[in-house]
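# What follows is a predicted protein model with its sequence.
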Amino acid sequence: MANRLRSEWPVVVAAAAPLAVRLAGTYMRFLARRRRGVRVFRQALLAGGLTPAQAALLSHVYEEASSVRRILKASR
């Protein structure tokens with residue numbers, strides 16, 4: 001039994017590798033869109049007349065709201 005499980009382990013790893021690559025790519029795209037969204041949000045706040053300190057604070061809160069950890073933590 002143990003030998004059979006040991007011989008199947010490479011198959012499981014080989015099957016999981018493409019999934020891990022796909023998940024990593026999706027996560028990286030999410031981060032890029034998040035950064036872009038925060039930058040646009042900050043620019044809109046500054047264009048609306050907020051001080052740079054206020055815009056920085058609000059954009060930081062906006063960025064934290066889209067944190068994957070917070071989203072997953074809230075779903076529990």
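Cool, got the structure. Residues are numbered from 1 along each chain as shown.

# Which elements pack onto the longest helix anywhere in the chain?
Longest helix in the chain, counting residues (DSSP state H): helix 2-47. For helix 2-47, the elements it packs on are helix 52-65, judged by 3 or more CB pairs under 8 Å, 6 or more residues apart in numbering; DSSP states H and E. Every residue, glycine included, has its C-beta placed from N, CA and C.

# avg pLDDT for the helix or strand following the helix it packs on?
Using DSSP states H and E, the helix or strand that directly follows helix 52-65 along the chain is helix 68-74. Per-residue pLDDT over helix 68-74 has a mean of 83.

# check contacts around Arg70.
Glu64 (CB atoms under 8 Å, 6 or more residues apart in numbering).

# how much does the longest helix of the chain deviate in direction from helix 52-65?
Counting by axes from the mean of the first three to the mean of the last three CA atoms, to 10 degrees, helix 2-47 lies at 150 degrees to helix 52-65.

# Let's verify Leu50: helix, strand, or coil?
Classification of Leu50 by DSSP: H, G, I helix; E, B strand; the rest coil places it in coil.

# Now do the contacts for Ser66.
Residues counted as contacts of Ser66 (CB under 8 Å, 6+ apart) are Arg34, Gly37.

# so where's the protein shaky on pLDDT?
Along the chain, the model assigns pLDDT under 70 to residues 1-6.

# swap the cut-off to 90 and go again
1-18, 65-76 (pLDDT under 90).

# How many residues are close by the residue nearest to Tyr62 when sequence neighbours are not counted?
Computed as CB to CB, 6 or more residues apart in numbering, the closest residue to Tyr62 that is not its neighbour in sequence is Phe41, at 5.3 Å. Neighbours of Phe41 under the rule other CB atoms under 10 Å: 15.

# what about Phe41, distance to Ala65?
Distance, Phe41 to Ala65, using CB to CB, to the nearest Å: 11 Å.

# Lovely, talk soon.
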